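**Q** fold the following for me, if possible:
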Amino acid sequence: ANKDVVDAKEPYLMFCGSAGYFDVIKFIIDSYNKSAIKNTKKLLLVLSGSDAQLDRVREYEPNAIIRTKLPYNMLVAYYKHAYGLMIPLRNTTEDIARFPNKVCEYTAAKGLIITTCYGEMPYYFKNGENAIVAEDCTVEAIAKRLDEIEAGKYDVEQIRKNCYQTGLDNFSIGAYKNKLYKFLVENR
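**A** As a prediction, the model looks like this:
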């Protein structure tokens, strides 16, 4: 079989981001490789970046499946078919101060979000309820959660449903339509 082919029958964990953030990608790869999940799930990295940046990732982890320059509809298809969608936020000013749009895409895709407890994430996501949330942004903490997923600790389908509902309740324009209308009408 071609190792570059990923389809819905072959479970995979996915990260989408820039190859320029090599430290984050290395962290994801190291966490994945430290976990038993690597025995049953592939690692798909959808990356943007220069050829040199992409080559650096390929050299670091030749077994990862790397996709680049995907049309948006194909990216969404990868989100929807992923077993898990990784978005580890670090305990850095940069990550604490941002809320990635990718989180909205992940919830809309009914994804199993695998993240950390930093930034805005703990205000919206609780471990085992609507996401898998590591206690820290370390290889050990993420690998522990990946091992727990692999061991069947979580009701993955319920977490996916709850994650999707979190997206509808908090990130969908429909969630703010009435609030925005009320705000605009009352503050004329």
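**Q** for the residue lying closest to residue 161 once chain neighbours are set aside, what are its contacts?
**A** Among residues not flanking residue 161 along the chain, residue 110 sits closest, at 7.3 Å (Cβ to Cβ, 6 or more residues apart in numbering). All C-beta atoms are positioned from the backbone trio N, CA, C, and that covers glycine. Residue 110 makes contacts with 80, 160-161, 163-164, as judged by Cβ atoms under 8 Å, 6 or more residues apart in numbering.
**Q** can you get me a residue count around the nearest residue to residue 79 once chain neighbours are set aside?
**A** Nearest non-adjacent residue to residue 79, counting by Cβ to Cβ, 6+ apart: residue 109, 3.8 Å away. Residues contacting residue 109 under the criterion other Cβ atoms under 10 Å number 23.
**Q** got the contact list for residue 109?
**A** If you count contacts by Cβ under 8 Å, 6+ apart, residue 109 has them with 76, 79-80, 82, 85.
**Q** most neighbours, which of the residues you listed?
**A** Ranking the contacts of residue 109 using other Cβ under 10 Å puts residue 85 first, with 27 neighbours.
**Q** quick one: the helix or strand containing that residue to chain centroid distance?
**A** With elements taken from DSSP states H and E, the one containing residue 85 is strand 84-87. Taking Cα atoms, centre = their mean, to the nearest Å, one finds strand 84-87 lying 2 Å from the centre of the chain it belongs to.
**Q** from the contact counts, what lies against that strand?
**A** In terms of contacts (3 or more Cβ pairs under 8 Å, 6 or more residues apart in numbering; DSSP states H and E), strand 84-87 is packed against strand 12-18, helix 101-108, strand 113-116.
**Q** noted, bye for now.
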